[in-house]
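>>> need a 3D model of the following:
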Amino acid sequence: MSDEAPDSLIPYDEIVQEALRAVVGRVLGSVEKSGGELPGGHHFYITFKTAASGVDIPSALRERFPDEMTIVLQNKFWDLSVGEDGFSVGLSFNQIPSKLVIPFSAITAFVDPAVDFGLQFQAAIDDFEQPSPGHEATDTDETGEPIVKSEDGSNVVTVDFGRKK
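From the prediction side, this is the model:
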């Protein structure tokens with residue numbers, strides 16, 4: 001008997017990733033329905049791949065963050081619109097108003113630090129362009145300031161089914 005698990009003909013990893021991304025959509029949808037008001041102390045850090053298919057961000061942000069970017073939805077955001085496949089939101093970067101369109105498939109992390117809740121997603125390599133060499137992405141909040149991430153892993157759900165290559 002072999003210690004290796006057999007290859008599954010059912011794409012469990014993709015199904016689970018899609019279901020967890022639906023959590024993000026449902027949470028953002030409830031904020032949209034409340035007129036963009038976040039309840040209590042809730043706020044969200046959303047990390048996404050800037051080169052993912054369907055991501056629409058200003059070119060200056062794409063140049064500054066050629067691979068990955070984290071946005072914060074807390075005090076200063078507007079026009080949150082949530083659809084079946086993604087969301088759009090208005091944020092300011094260095095006092096310049098910007099509209100971002102982000103498909104749920106581009107999201108790699110969703111965190112609500114107010115309640116120590118987080119989800120991490122595996123990126124689907126097929127959906128991304130290669131980042132340009134020589135650029136290092138830094139996470140930023142809506143003001144363009146760097147974000148310091150907590151590494152304690154409190155209530156963070158990471159799903160990695162170890163896809164065979």
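>>> would Trp78 count as being in a strand?
Yes: per DSSP: H, G, I helix; E, B strand; the rest coil, Trp78 lies within a strand segment.
>>> residues contacting it?
Neighbour list for Trp78: 36, 89-90 [criterion: Cβ atoms under 8 Å, 6 or more residues apart in numbering]. Any C-beta I mention is one placed from the backbone N, CA and C, and that applies to glycine too.
>>> so what pairs up with it in the strands?
Beta-bridge pairing for Trp78 (DSSP bridges): Gly90.
>>> any idea how far it lies from Leu20?
27 Å (Cβ to Cβ, to the nearest Å).
>>> repeat that for Arg64.
Using Cβ to Cβ, one obtains 28 Å as the distance from Arg64 to Leu20.
>>> and what of Leu119?
Leu119 sits 5 Å away from Leu20, going by Cβ to Cβ.
>>> low-scoring stretches of this protein, by residue?
Applying pLDDT under 70 to the chain flags the ranges 1-3, 123-165.
>>> quick one: the strands in it?
44-49, 68-73, 77-82, 86-93, 96-103, 107-112, 117-120, 156-158 (DSSP state E).
>>> export those to TSV and append columns for distance to Pro11.
Converted to TSV, the strands of the chain look like this (distance: least, Cβ to Cβ, whole Å):
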stretch	distance to Pro11
strand 44-49	20
strand 68-73	24
strand 77-82	25
strand 86-93	21
strand 96-103	19
strand 107-112	19
strand 117-120	19
strand 156-158	18
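>>> how close does the residue lying closest to Lys49 once chain neighbours are set aside get to Phe117?
Leaving aside its sequence neighbours, Lys49 sits nearest to Ala106 (Cβ to Cβ, 6 or more residues apart in numbering; 4.9 Å). Using Cβ to Cβ, Ala106 is found at 20 Å from Phe117.
>>> quick one, which of the two is more surrounded?
Ala106 (26 against 17; other Cβ atoms under 10 Å).
>>> would you confirm that the more buried one contacts Val55?
Yes: counting by Cβ atoms under 8 Å, Val55 is a contact partner of Ala106 at 5.1 Å.
>>> quick check: closest non-adjacent residue to the most centrally placed residue in the chain.
Central residue of the chain (Cα atoms, centre = their mean): Ile107, 2.9 Å from the mean position. Excluding its sequence neighbours, the residue lying closest to Ile107 (Cβ to Cβ, 6+ apart) is Phe48, at 4.9 Å.
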